[in-house]
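J.: how would this look folded up:
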Amino acid sequence: MRGQGNRPTPEENLSVDITDGDESEQGASGNLRGALLMSLGMAAFIGNVTLMKLVSFELTLFQAIFLRGCCAAVVLGGAAYYRKELFVTLTGADARALTIRVIGEVGASLCYFMALFNMPVANVTAILQALPLVVTLGAAVFLGETVGWRRYGGIALGFVGVLVIVQPGTDGFSVYSFWALASMLSVALRDLATRKISSNLPSLFVAFVTMVAVTLICALLLPTMEWKEVKGDTIGLLLGAAVFIMLVHITLIRAMRVGEVAFVTPFRYTVMIWALLVGYYIFGETPDTATVTGCSLLIVTGLYSFWRERKIKRG
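T.: Now for the predicted structure:
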C-alpha cells in the first residue's frame, strides 16, 4: 500500500510511460512492451558502460560510481516524490525481497565496474550473457520452478561457453574475469529478488532505494582510493551515465513486470550488438575468437532454454 496517493487505475497506467505497472498487463501486448523495454534497457546499459569506461581514465572506481549515483539518486528521488511514490509502506515480504535486491545490485555494480575498468567492454559483457541461464537455474533451485533435463543440459553447455570466454589457465586469462563472473551472479540474485517484489511497490521507489544503497556503499569505500580532480568534461560524462543508469533500472524493472519472463529475457542478448559496436568504434577493441565463440554458445543455449520454457507452458 502506498503512503501517498492511490495506485493509478489500469486506464491511468496507459499514460504514465514506463515508471509503473501491474501483472494484468501480461499477455501479447505485455510481452511486446516487455521486449521493447528490455531492448531499450540493454541499449541504455551500454550507454552507461561506455560513459563510465571513459570516466575510468580520469577517476577512481568508487569515486566514479559515487558521483554518478549522487546525480541519479537526486533525479529518481525527485521523480518519485512528484509521482507520490517516494514514501511507501512495505510489507514484510516486500522488505525482504527489496533488501536482497539491493544486496545483489551493490555486488553487481562494484564487481562489474572493477572488471570494466580493467577489461575490454565486449569481454565483460560477453561473460554476463550467462545471466539468463543462471536466472533459470536459480528460479528452479530457490523459487521452485520446474526445469527439465534438456534445459539443465543447456545450462551446463552455457557454462562451457563461460569457460571458453574466461580461458582459465591460458595466456588470455585475466583475473578480472572473476569480477565479471561475480557481477553476473549478483545480477542473477537481483533479478530473482525483483520477481518476488509485489506489483504494489512502485518501480521508481525500487530504483531509488537501490541507487541510494549503491551510492552510500561507495561513499564508505571512498577513503580506500585516491580522490582525483573532477574536470568539467568528466562531470558531463557522469551526468550522461546517471541518465542511462536510471533508464536501465526503470526499464528492466518494468520489463520483468509487464511481460512473461521466458519471452522478455532473451532480449537481453541485444546488449552484445551494442557492446561489440562500442568496443570497436569507440575503444578500438576487437574481440578475440574465444570471446566470440563463447558468447555465441551462451546466446544459442540461452535462447534454447527459453524456447523450451515457452513450449512447456503451451503444453
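
J.: confirm Ala290 sits in a helix?
T.: Yes - according to DSSP: H, G, I helix; E, B strand; the rest coil, Ala290 belongs to a helix.

J.: distance of it from Met211?
T.: Separation of Ala290 from Met211 (Cβ to Cβ, to the nearest Å) stands at 35 Å. Bear in mind the C-beta positions are built from the backbone N, C-alpha and C, glycine included.

J.: quick one: which of these two has more around it?
T.: When Ala290 and Met211 are compared for neighbours, Met211 comes out ahead with 27 against 17, by other Cβ atoms under 10 Å.

J.: which residues touch the residue lying closest to the more buried one once chain neighbours are set aside?
T.: Setting aside the residues directly before and after it, Met211 is nearest to Ala73 in space (Cβ to Cβ, 6 or more residues apart in numbering), at 4.7 Å. Contact analysis of Ala73 by Cβ atoms under 8 Å, 6 or more residues apart in numbering lists 208, 211-212, 215.

J.: mind telling me what element Ala73 is part of?
T.: helix 61-82 (DSSP states H and E).

J.: pull out the buried residues from that helix.
T.: Across helix 61-82, burial judged by 16 or more other Cβ atoms under 10 Å covers 61-73, 76-77, 79-80.

J.: ok, then the element right after it?
T.: Taking DSSP H and E, what comes next after helix 61-82 is helix 92-116.

J.: so how far is the very next helix or strand once past that following helix off the chain centroid?
T.: Toward the C-terminus, helix 92-116 is succeeded by helix 121-127 as the next helix or strand (DSSP H and E). Helix 121-127 has its C-alpha centroid displaced from the chain centroid by 14 Å (Cα atoms, centre = their mean, to the nearest Å).

J.: contacting residues around helix 121-127?
T.: Contacts of helix 121-127 (Cβ under 8 Å, 6+ apart): 46, 49-50, 53, 112, 115-116, 162, 165-166, 174, 177, 180-181, 183-184, 271-272, 275-276, 278-279, 283, 285, 287, 291, 294-295, 298.

J.: for stretch 87-104, same thing?
T.: Contact with stretch 87-104 is made by 1-4, 186-191, 193-194, 196-198, 200-202, 205-206, 209-210, 213, as judged by Cβ under 8 Å, 6+ apart.

J.: just the buried ones from those residues?
T.: 2, 186-191, 193-194, 197, 201-202, 205-206, 209-210, 213.

J.: report the contact partners of the residue nearest to the spatial centre of the chain.
T.: Most central in the chain under Cα atoms, centre = their mean is Val187, positioned 6.1 Å from the mean C-alpha point. The neighbourhood of Val187, defined by Cβ under 8 Å, 6+ apart, consists of 104, 108, 128, 131.
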